[in-house]
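>>> Show me how the following folds:
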Amino acid sequence: MFLSLFGVLCFAGLEFYLRTYQSLSIETISAVGVPIFKVDDLNTYAHNPKKMARNGYGLPIPEIFINNLGLRNDADYESETQTPRTKNILMIGDSFTFGTGVDQDETFSALLEKKLNPPIGNLAFDPDVERGLLGDTLDLSDQPSTFQLGEDDLDRDKWQVWNAGHIGYSIGNYYLLLKKYAETMPLDTVVVNIFVANDITELRRKTWILNNQKDLVKVYDQKVFANAEGKLESRTSTPPKSLAWDWLEKRLLVLRYKLELADPEFEEPTLTWPVFLSENHPAWDPNLPGYWERFLQGMQFMSDYANQKDIKLKFVLLPMDVQVDDSYRTKYARIYFDEDAKESDRPQTEIMSFCDSRQLDCVDMLPLMRSDPDREALFFNYNADPHFDKPGHELTAEAIYQMIKSDSE
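Just a heads-up that it's a prediction; the model follows:
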């Protein structure tokens, strides 16, 4: 009798605590971010062309520009400026590719374009001309007054890198972006940047709509949408009747997973963090193997389409910060880490194995970032924010640059 009463009191106390201090976890997520979005027939939401915004997502983003094609680029796409020597690169991905937290010219897309179009160092110069082709951007005080313009300096490709990164997108959205922009501009190369931490588990909220030919034609996001203000918002979820019971049920599921008491047919999750995921990405989700199957199917969709259109396709695997260095764990104050939580490179191994079996051009950023002497500066140190800081974008741009240049050698 005493134990029963004690159990009831403990349960009531837990219920009171959760309703008093943890209720925000079940309330509707309010609109966040910047007003640059619109309703989209293909991907549920997309960038609204010709929009500008400041200070998004609580991070220091000075300015965001969306061009005429819904891309995060300062310059508009103009078909009449395209020449036979113009090579267009489309960068596809989620918020990492978009560049959450960094300025327009600090994204790895913008940095890649600069690397591919180095300035002409021996451009002809006339000291009597106040403003030349490059304006006042060069300091020539220590240079000779004239330069010999070489033939190779003019006869070279012009690379344009277009940033199609969208916050909250995943592999199905990437495929639809590929088809959309391949019909808009001549694409030489498409780089698909995969954030291994959630690009697979994001599929739990994405409904794929296929046509009679079994081709993906629409992705419906069951949770996130663009509201009337042009911001992203999360749909209301019904709170459980008992927060204490819901809390206990989730912890028992974690315990069941840890003690390997789950269904023997349930495969181990190949995620970046299996034990301490939020409710949006539960490691014990029995549909997880299906998400992986659909994710790899999406990669194959993209490969088949790129081959059909004679587009060079490359995949870049972006790691979670805690995979790169243990010091990043301090950002996640409310998360318990155990020795299995890091999971080493299991998501990367799964995807790279698929790349090898299908002869896809893929690069894994995890070894590069782990070996970087400044790896503790690659990601933001904001609370629970996994995005790249400026050094992370610079390292990623260099890796993609090497991939692009290897094609021309």
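>>> from here on, contacts and neighbour counts on C-alpha atoms
OK.
>>> I'd like to know how far residue 357 sits from residue 244.
Distance, residue 357 to residue 244, by C-alpha to C-alpha, to the nearest Å: 47 Å.
>>> Compare those two (neighbour count), which wins?
residue 244 (19 against 9; other C-alpha atoms under 10 Å).
>>> who touches the more buried one in this structure?
Neighbouring residues of residue 244 by C-alpha atoms under 8 Å, 6 or more residues apart in numbering: 11-12, 14-15, 18.
>>> So what does it have for phi and psi?
phi -60, psi -40 (degrees, to the nearest 10).
>>> what about the strands in this protein?
With DSSP state E, the ranges of strands along the chain come out as 37-40, 44-47, 51-53, 64-66, 86-92, 158-163, 187-195, 206-210, 216-221, 224-226, 232-234, 312-318, 361-364.
>>> and these as CSV, adding mean neighbour count?
Output for those, formatted as CSV (neighbours: other C-alpha atoms under 10 Å):
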stretch, mean neighbour count
strand 37-40, 19
strand 44-47, 23
strand 51-53, 16
strand 64-66, 23
strand 86-92, 22
strand 158-163, 22
strand 187-195, 22
strand 206-210, 16
strand 216-221, 20
strand 224-226, 21
strand 232-234, 20
strand 312-318, 21
strand 361-364, 19
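>>> looking at these, which is closest to residue 304?
strand 312-318 (9.9 Å; C-alpha to C-alpha).
>>> just checking, what packs against that closest one?
strand 187-195, helix 288-309, strand 361-364, helix 365-370 (3 or more C-alpha pairs under 8 Å, 6 or more residues apart in numbering; DSSP states H and E).
>>> For residue 105, which of these is the nearest?
strand 187-195 (18.0 Å).
>>> Check which helices and strands that closest one sits against.
The contact analysis (3+ C-alpha pairs under 8 Å, 6+ apart) places strand 187-195 against strand 86-92, strand 312-318.
>>> Which of these sits closest to residue 52?
strand 86-92 (19.9 Å).
>>> What strands line up against the closest one, and which way round?
Partners of strand 86-92 in the sheet, by DSSP bridges, are strand 158-163 (parallel), strand 187-195 (parallel).
>>> Can you convert the strands of the chain into TSV and add a column each for mean pLDDT and distance to residue 180?
Formatted as TSV, the strands of the chain follow (pLDDT from 0 to 100; distance: least, C-alpha to C-alpha, whole Å):
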stretch	mean pLDDT	distance to residue 180
strand 37-40	96	12
strand 44-47	97	12
strand 51-53	85	20
strand 64-66	92	17
strand 86-92	97	11
strand 158-163	97	13
strand 187-195	97	11
strand 206-210	96	16
strand 216-221	97	11
strand 224-226	92	20
strand 232-234	86	22
strand 312-318	97	15
strand 361-364	97	22
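>>> Please tabulate those strands in CSV and include distance to residue 390 as additional columns.
Below are the strands of the chain laid out as CSV (distance: least, C-alpha to C-alpha, whole Å):
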stretch, distance to residue 390
strand 37-40, 25
strand 44-47, 23
strand 51-53, 20
strand 64-66, 16
strand 86-92, 18
strand 158-163, 16
strand 187-195, 17
strand 206-210, 30
strand 216-221, 30
strand 224-226, 28
strand 232-234, 25
strand 312-318, 15
strand 361-364, 19
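>>> Which one of those lies nearest to residue 107?
Nearest to residue 107, of all the strands of the chain, is strand 158-163, at 8.7 Å by C-alpha to C-alpha.
>>> Show residues contacting the closest one.
Against strand 158-163 from outside (C-alpha under 8 Å, 6+ apart): 71-73, 85-92, 97-98, 109-110, 112-113, 116-117.
>>> Grab the CA positions of it and hand them over as PDB.
Extracted C-alpha coordinates of strand 158-163, given in PDB (Å, rounded to 0.1, in the frame of the first residue of the first chain):
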ATOM      1  CA  LYS A 158      33.800  31.400 -66.500                       C
ATOM      2  CA  TRP A 159      32.400  29.500 -63.600                       C
ATOM      3  CA  GLN A 160      29.100  30.500 -62.000                       C
ATOM      4  CA  VAL A 161      28.100  28.800 -58.800                       C
ATOM      5  CA  TRP A 162      24.400  28.900 -57.800                       C
ATOM      6  CA  ASN A 163      23.400  28.300 -54.200                       C
END
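>>> Point out where the stretch 251-400 of the chain drops to low pLDDT.
Applying pLDDT under 70 to the stretch 251-400 of the chain flags residues 251, 253-286, 333-344, 383-384.
>>> dump the residue contacts of the residue nearest to residue 318 when sequence neighbours are not counted.
Setting aside the residues directly before and after it, residue 318 is nearest to residue 195 in space (C-alpha to C-alpha, 6 or more residues apart in numbering), at 4.7 Å. By C-alpha under 8 Å, 6+ apart, the contact set of residue 195 is 93-94, 96, 317-320.
>>> hmm, which two among these are most spread apart?
Maximum distance among the contacts of residue 195 (C-alpha to C-alpha): 14.7 Å, for 93 and 320.
>>> what number of residues lie near residue 75?
Neighbour tally, residue 75, other C-alpha under 10 Å: 13.
>>> And it, how far from residue 39?
23 Å.
>>> Ok, residue 164 next?
The value you get for residue 164 to residue 39, if C-alpha to C-alpha is used, is 16 Å.
>>> Now the residue nearest the centre of the chain, what are its backbone angles?
Taking C-alpha atoms, centre = their mean, the centroid of the chain lies closest to residue 94, which sits 2.9 Å from it. Note on residue 94: its backbone torsions stand at phi -100, psi -140 [degrees, to the nearest 10].
>>> All further residue positions should be reported with the first residue as 7.
From this message on, residue numbering opens at 7, which makes the last subject residue 100.
>>> What's the separation between it and residue 173?
Applying C-alpha to C-alpha to residue 100 and residue 173 gives a distance of 5 Å.
>>> Same question for residue 411.
Taking C-alpha to C-alpha, one finds residue 411 at 28 Å from residue 173.
>>> Contacts only, for residue 192.
Residue 192 touches 93-94, counting by C-alpha under 8 Å, 6+ apart.
>>> same thing but 10 Å
85, 88, 92-95, 315, 317 (C-alpha atoms under 10 Å, 6 or more residues apart in numbering).
>>> Relative to residue 336, how far out is it?
The value you get for residue 192 to residue 336, if C-alpha to C-alpha is used, is 45 Å.
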